[in-house]
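Participant: next comes the sequence, and after it the predicted model I'd like to discuss.
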Number of protein chains: 2
Amino acid sequence: MGSTSNGVAGDLTTNCNGVSVDKGVDFANYFCTYGFLYHQKEMLCDRVRMDAYYNAIFQNKEHFHGKAVLDVGTGSGILAIWSAQAGARKVYAVEATKMTEHARELVKANNLQDVIEVIEGSMEDVTLPEKVDIIISEWMGYFLLRESMFDSVIFARDRWLKPDGIMYPSHARMWMAPMRSGLGDQKMDDYEVAMNDWHSFVDDTKTYYGVDMSVLTKPFDDEQKKYYLQTSLWNNLHPQQIIGTPAIIKEINCLTASVNDVLNVSSNFPSSITERTRLCGLAGWFDVHFRGNRDYPAKHEIELTTAPSLDNGTHWGQQVFLLHPPVRVSEGDDLMVSFSMSRSKENHRLMEVELGYKYFDSTLKTVFAEEITTEPVSLCWSCFGATLKV
Amino acid sequence: MGSTSNGVAGDLTTNCNGVSVDKGVDFANYFCTYGFLYHQKEMLCDRVRMDAYYNAIFQNKEHFHGKAVLDVGTGSGILAIWSAQAGARKVYAVEATKMTEHARELVKANNLQDVIEVIEGSMEDVTLPEKVDIIISEWMGYFLLRESMFDSVIFARDRWLKPDGIMYPSHARMWMAPMRSGLGDQKMDDYEVAMNDWHSFVDDTKTYYGVDMSVLTKPFDDEQKKYYLQTSLWNNLHPQQIIGTPAIIKEINCLTASVNDVLNVSSNFPSSITERTRLCGLAGWFDVHFRGNRDYPAKHEIELTTAPSLDNGTHWGQQVFLLHPPVRVSEGDDLMVSFSMSRSKENHRLMEVELGYKYFDSTLKTVFAEEITTEPVSLCWSCFGATLKV
């Protein structure tokens, strides 16, 4: 099983991933998005997200009663407000963007200014007057780890959570499964149109302007391949598009995980194909759980899942890693997938992915053992850059 | 005539204009765009742009013969290559992005490596072995000055152009004219949909989650207004959408202009309405000319115009500043427009615009003199942030 590595993020449309981006740049690129109410509203309209946190808090009010709470990245302040309404004695609501101004207005309009203190600043720079009983945060990015905001939650936990404190959420898991989709055909068409267009351009430039551009055909092709074919996509999949058994590729205990634990995600996992169809790629999603801790288990455990769902889609959707070309598969076939994700060197809030797989055809069982040594298909996707929906 | 100023760029979709952006951030945001061949190709496919430079060079080859040329922001290297093909002794092709790698390949593929030296770096940091006879550059941004790349051309001129040197182009002008368009109705619809949606959201959040969000209605409204109604738009207008006499609002002599001269553009100009229709806004565009200089005038003066055109649209298009609501106007009516544009404090490559107008109704000539004292309509647009097409 082999795979090729690729260090360049392939997003031509939104951000600045083709050049080295220093921390200052990334800071601005990252936090600016959260400075708009439009974006806050998008998250506040995600009913799956809202219901999960709302139920986690109000069905476990005894966790909050009389306690000190820290909300990391409070945004408009919704989790801080619920924590206060659930009976918290004090809530520290930390937010790095100017959204703090709106959060303060909202706190006041809901008459909670005596309980909630909105603090503008990076979690890493903020000083609180006390340690807290609960850290609550909605820190999850696309495919859980894009954005790397969990780093700030880990920092907050190590610095400000009491030894017997509770994390909300307490656990997180990443999932992957084989999928089918028309997306890949569409992307392949787009890529081919772009390349045909390029070839006409090269001809025209030679004819009309006397300059031979053909030496750039290879680099242009690389750039377009990366953009159209090797960048993962945001999608809200229909459950029936999942065509094999899903696998957990990462489990995180929010109370104990270190930054090192989430720098890389590597997993080799099997999946059994469940129908005769085309294998078009792999889909990734996550779930988080609110279980309290050992001393204070949740009375009602709540789950927030971003798995493909008919009725309960989320703004996170799923992250799709396409396979070009698709592969014919049948029920009973087996895949062995090798997945590896690490932070982009150019922008630590983006991820680079290497993905490879071996495929065992159930109808050719006799050659199964020999096939294992054939040259593997190798895939490579470069980050989730193109998928930020704003 | 009054107008309100607004310091926030209203772009929710591309860049990071809602927060303070330091020079490093802007540098990366700006130059990254030009690091992709996709973007280079878009400019190289602009036939109006290509023809103008090609004709300016090859119809004035005597300017180039045996001379030293500096190409500021060479990109893929096309202007450097043409300069060399036209007979230049030496061409220094300066480019800040990694596009230099492709430019070098292209130079070599066209067998011009002995004439053209591709130099990677900011114009401000580069050292040349000699002063040059010609500075050529395609530095024009949307509505001429967006991107502020002209600063680097001015720097290059003052530092590296011989006293009798020639600028390519030599002159630039900015134009404005009244226009009609359905764009404004569409934007107003979008805005109203967004606000209706917001009101439902406020109701739902109160009902389902016990939090009163109504205090954020005003700031959300402000944000949406800015985004949908107060941000100028890129458009390729039909010439018939221009409904009044165009006016020149700025003239730049590239040989003598200073950075100070282009920091702000202010103009009060009249325009006569030429048909009975709706005045929906103002359109802005630019042209540049290749005239050589006093000692070495161009044998063939070439013009590159981005005015509305049926057959000769450019990638620059026009910049549209919408008026909400539109105003009924008739042939013979007069407008007096007050336009002021300055660089955004947050990002000097973006512009902030204040625009006001007085309107004289030709059918009410008797009240004309009195009307002049009525409260003027005032408009404000905040930069061109939303119009970067990549």
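Facilitator: Nice, I can see it. It should be emphasised that the depicted structure is a prediction, and the values quoted were computed from it without experimental measurement. Numbering: from 1, shown residues only, chains lettered A, B, ... in the order given.

Participant: go ahead and confirm A:Arg119 touches A:Lys90.
Facilitator: Careful, residue A:119 is Ile and not Arg. No - with contact defined as C-beta atoms under 8 Å, A:Ile119 does not reach A:Lys90; the gap is 12.0 Å. In short, each C-beta sits where N, CA and C put it, glycine included.

Participant: and the helices in chain A, which stretches?
Facilitator: Ranges of helices in chain A, per DSSP state H, are A:23-33, A:37-44, A:47-58, A:61-64, A:78-85, A:99-109, A:150-160, A:183-209, A:217-228, A:259-263, A:368-371.

Participant: so which of these is the most surrounded?
Facilitator: Stretch with highest mean neighbour count among these: helix A:78-85 (a mean of 25; mean count of other C-beta atoms under 10 Å in any protein chain shown).

Participant: now that helix and helix A:99-109, what's the angle there?
Facilitator: Orientation check (axes from the mean of the first three to the mean of the last three C-alpha atoms, to 10 degrees): helix A:78-85 against helix A:99-109 gives 30 degrees.

Participant: tell me which residue of the stretch 201-350 of chain A lies closest to chain B.
Facilitator: A:Val215 (3.8 Å; C-beta to the nearest C-beta).

Participant: next up, the contacts around the residue nearest to that residue when sequence neighbours are not counted.
Facilitator: Spatial nearest neighbour of A:Val215, excluding adjacent residues (C-beta to C-beta, 6 or more residues apart in numbering or on different chains): B:Ala109 at 3.8 Å. Neighbouring residues of B:Ala109 by C-beta atoms under 8 Å, 6 or more residues apart in numbering or on different chains: A:Asp212, A:Ser214, A:Val215.

Participant: now do the contacts for the residue nearest to the second one when sequence neighbours are not counted.
Facilitator: Looking back up the chat, that one is A:Ser214. Of all residues not flanking A:Ser214 in the chain, A:Val202 sits nearest, at 5.3 Å (C-beta to C-beta, 6+ apart). Residues near A:Val202 by C-beta under 8 Å, 6+ apart: A:Asp212, A:Met213, A:Ser214, A:Leu216, A:Thr217.

Participant: run a quick neighbour tally on the third one.
Facilitator: Using other C-beta atoms under 10 Å in any protein chain shown, A:Ser214 is surrounded by 14 other residues.

Participant: enumerate every residue touching it.
Facilitator: Applying C-beta under 8 Å, 6+ apart to A:Ser214 gives the contacts A:Val202, A:Lys206, B:Ala109.

Participant: quick check, nearest of these to A:Gln224?
Facilitator: A:Val202 (13.6 Å; C-beta to C-beta).

Participant: thinking again about what came up before, contacts only, for the residue of the stretch 201-350 of chain A closest to chain B.
Facilitator: Per C-beta under 8 Å, 6+ apart, neighbours of A:Val215: B:Glu105, B:Leu106, B:Lys108, B:Ala109.

Participant: from B:Arg49, how far out is the closest residue to the first one other than its chain neighbours?
Facilitator: When you say that, I think you mean B:Glu105. Using C-beta to C-beta, 6+ apart and skipping the chain neighbours, the partner closest in space to B:Glu105 is A:Val215 (4.9 Å). According to C-beta to C-beta, to the nearest Å, A:Val215 and B:Arg49 sit 22 Å apart.

Participant: same check, this time on A:Asp287
Facilitator: Counting by C-beta to C-beta, the gap between A:Asp287 and B:Arg49 amounts to 51 Å.

Participant: repeat that for A:Tyr209.
Facilitator: Noted for A:Tyr209: a distance of 11 Å to B:Arg49, by C-beta to C-beta.

Participant: A:Arg278 too?
Facilitator: Going from A:Arg278 to B:Arg49 by C-beta to C-beta gives 44 Å.

Participant: same question for A:Gln319.
Facilitator: 39 Å.

Participant: and if you look at A:Met195?
Facilitator: Taking C-beta to C-beta, one finds A:Met195 at 23 Å from B:Arg49.

Participant: was I right about A:Lys187 contacting A:Gln230?
Facilitator: No - at 9.8 Å, A:Lys187 and A:Gln230 do not qualify as touching, with contact defined as C-beta under 8 Å.

Participant: residue ranges with poor pLDDT in chain A?
Facilitator: Where chain A drops to pLDDT under 70, the residues are A:1-34, A:346-347, A:349, A:363-390.

Participant: let's see 50
Facilitator: Low-confidence segments of chain A (pLDDT under 50): A:1-32, A:365-390.

Participant: output the lengthiest strand in it as PDB, nothing but the C-alphas.
Facilitator: When chain A is parsed with DSSP state E, its longest strand is strand A:277-292. Taking Å, rounded to 0.1, in the frame of the first residue of the first chain, the C-alpha atoms of strand A:277-292 are listed here in PDB:
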ATOM      1  CA  THR A 277     -22.200  -0.200  -6.900                       C
ATOM      2  CA  ARG A 278     -19.300   2.200  -7.600                       C
ATOM      3  CA  LEU A 279     -16.800   3.100  -4.900                       C
ATOM      4  CA  CYS A 280     -16.400   6.800  -5.500                       C
ATOM      5  CA  GLY A 281     -14.400   7.800  -2.400                       C
ATOM      6  CA  LEU A 282     -14.400   7.900   1.400                       C
ATOM      7  CA  ALA A 283     -16.600  10.100   3.600                       C
ATOM      8  CA  GLY A 284     -15.500  11.400   7.000                       C
ATOM      9  CA  TRP A 285     -17.600  12.700   9.800                       C
ATOM     10  CA  PHE A 286     -17.500  13.000  13.600                       C
ATOM     11  CA  ASP A 287     -19.600  12.800  16.700                       C
ATOM     12  CA  VAL A 288     -19.200  14.200  20.200                       C
ATOM     13  CA  HIS A 289     -20.700  13.100  23.500                       C
ATOM     14  CA  PHE A 290     -21.600  14.800  26.700                       C
ATOM     15  CA  ARG A 291     -21.000  12.200  29.400                       C
ATOM     16  CA  GLY A 292     -19.800  14.300  32.400                       C
END
